[in-house]
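>>> have a look at this prediction, sequence included:
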Amino acid sequence: MQIPDVTVIVGAYEAMPYLVRCLESVESQTIGADRIEIVAVDDGSTDGTGEYLEDFAARSAVPTRVVRQTNSGGPSGPRNVGLGMARGRYVFFLDADDYFGDEALERMVATADRAGTDVVLGKVVGVNRGAPQSMWNATKDRVDVYNSKVIYTLSAQKLFRRELLERLALRFDEDLRTGEDALFTLEAYLRGAGISVISDYVCYYLVGRDDGKHVTKSGTYEWRFDSMRAMMELIHRLEPAGPKRDFLMVRPFTVGMLQQFGPRVLKESPEVRRHKLELAAPLMDAYWNDGVAGRIKVAERLRLACVAKGRADLLVDHLEFLRAKTVPDVIRSRRGDKLYLAYPHFRDRSAGLPDSVFEVTVPDWHGGKRIEQPAAVARRASLSRRVARRMRRDVRRLTSRLSAG
């Protein structure tokens with residue numbers, strides 16, 4: 001039997017009528033039905049999803065195997081079942097609500113084969129919902145998590161080389177109720193042989209359901225903390241201490257922890273605030289440090305610093321300041337080499353927040369204008385002067401040689 005290039009794994013639960021377009025998009029792939037297969041897992045649906053899958057398998061030119069099982073409670077179980085049955089050189093996890101661009105698989109397979117990469121990201125756009133955008137600036141055969149924005153798209157909707165997944169025995173964590181795909185994808189990023197990005201063609205359409213039953217809209221804040229903990233533990237295990245680990249840790253703190261301590265806190269009861277701080281405490285103690293903090297903008301860093309101290313009162317003051325759209329004063333150090341944004345409790349001894357919490361260490365925003373630390377501005381100005389001097393010197397030399405000739 002010929003080995004397919006791609007196994008498309010479709011986990012489906014209560015997926016009608018979205019499943020119809022989803023499967024049609026697989027049949028429409030320009031790579032050809034003889035180069036792909038579908039493994040579809042009905043996770044205990046009661047809306048006709050399972051029956052539709054079986055009808056599709058019976059009539060489609062795309063080889064399709066269907067598994068029907070009792071509900072597992074999340075997407076991890078069906079994906080793992082599909083992965084265990086996959087025969088393709090690559091696998092793609094296609095959500096039953098979503099659909100492909102016609103050339104998606106052909107382009108992604110060609111890219112992975114040419115570049116020798118283990119993960120390929122095809123451009124994603126949202127339909128009736130948002131979608132990640134920062135990583136689609138350019139099509140590149142090879143990037144990694146340190147020289148690109150791919151760490152900000154950790155969903156499972158990517159092309160993975162199956163040999164990598166089997167070698168790592170990589171599977172979705174069925175104990176996590178949310179964020180299981182981020183854990184899976186990040187490990188593939190970090191342990192694989194490179195990542196490719198396709199930005200000049202829309203490969204994947206991410207659909208927002210009209211009935212509001214999308215899985216990312218459900219769940220409790222306790223599940224979010226479980227997900228953060230798992231990601232931080234993974235980064236700690238795979239990346240040695242140092243700047244690279246600090247860089248990676250920014251992701252779960254800014255896309256994770258900050259969401260739990262944003263404006264919604266002002267509407268939450270004191271009991272919920274207290275419980276969230278209790279859940280955050282061991283994560284802040286274990287993984288929050290100056291190297292991570294220095295890579296985050298001041299307003300966000302200040303929130304996390306309040307969380308690290310377990311101070312709901314300071315956090316509420318800061319959030320109310322932000323809600324009022326008040327612009328903090330800019331304070332320059334005596335030597336002029338540092339800038340601080342004077343948010344509430346700046347140099348308030350009772351708060352116990354050091355000046356470093358308020359210091360501009362990365363490009364930031366103040367009153368709608370971009371600001372940077374003076375040292376960075378000075379380094380750039382110095383570099384510009386050196387380049388200008390070198391250009392003037394080269395012009396003089398060229399002019400001298402032309403005159404002599």
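Perfect, thanks for sending it.
>>> just read off the phi/psi values of the residue nearest the centre of the chain.
Nearest residue to the geometric centre of the chain (CA atoms, centre = their mean): Y152, 2.5 Å. Backbone geometry at Y152, expressed as degrees, to the nearest 10, gives phi -90, psi 10.
>>> next: the one 4 residues further on.
The phi and psi torsions at A156 (degrees, to the nearest 10) take the values phi -80, psi 0.
>>> can you pull out the helices in the stretch 251-400 of the chain?
Along the stretch 251-400 of the chain, counting by DSSP state H, counting those that start in this stretch, helices occupy 258-260, 270-287, 290-293, 298-309, 312-323, 374-404.
>>> looking at those, which is nearest to S333?
Closest to S333 of the helices of the stretch 251-400 of the chain is helix 374-404 (CB to CB; 8.5 Å). Where you see a C-beta, it was placed from the backbone N, CA and C, and this is true even at glycine.
>>> the bottom helix or strand of the protein by mean pLDDT?
helix 374-404 (a mean of 63; mean pLDDT, DSSP states H and E).
>>> pop the domain breakdown of the protein in here.
6-215, 221-372 (automatic domain parsing).
>>> in the stretch 101-250 of the chain, what spans have low per-residue confidence?
212-218 (pLDDT under 70).
>>> now find how far off-centre the helix or strand encompassing R107 is within its chain.
For R107, the element it lies in under DSSP states H and E is helix 104-115. Averaged C-alpha coordinates place helix 104-115 at 22 Å from its chain's average position (CA atoms, centre = their mean, to the nearest Å).
>>> equivalent analysis for stretch 165-180, please.
The answer for stretch 165-180 is 16 Å, by CA atoms, centre = their mean.
>>> buried stuff in it?
165, 170, 172-173, 176-180 (16 or more other CB atoms under 10 Å).
>>> okay, how far is it across it, tip to tip?
End-to-end distance of stretch 165-180: 15 Å, with CA to CA, to the nearest Å as the criterion.
>>> show me where the chain has strands.
6-12, 36-43, 64-69, 90-93, 99-100, 119-127, 140-143, 159-161, 195-207, 329-332, 339-342, 364-366, 369-371 (DSSP state E).
>>> CA atoms of the second one as PDB?
To tie it back to what came earlier, the one meant is strand 36-43. Taking Å, rounded to 0.1, in the frame of the first residue of the first chain, the C-alpha atoms of strand 36-43 are listed here in PDB:
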ATOM      1  CA  ILE A  36      -3.700  12.000   1.400                       C
ATOM      2  CA  GLU A  37      -5.900  10.100   3.800                       C
ATOM      3  CA  ILE A  38      -8.400  11.100   6.500                       C
ATOM      4  CA  VAL A  39      -8.700   9.600  10.000                       C
ATOM      5  CA  ALA A  40     -11.900  11.000  11.500                       C
ATOM      6  CA  VAL A  41     -12.900  10.400  15.100                       C
ATOM      7  CA  ASP A  42     -16.500  11.100  16.200                       C
ATOM      8  CA  ASP A  43     -16.200  11.900  19.900                       C
END
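>>> in terms of secondary structure, what does it contact?
strand 6-12, helix 18-27, helix 49-59, strand 64-69, helix 76-85 (3 or more CB pairs under 8 Å, 6 or more residues apart in numbering; DSSP states H and E).
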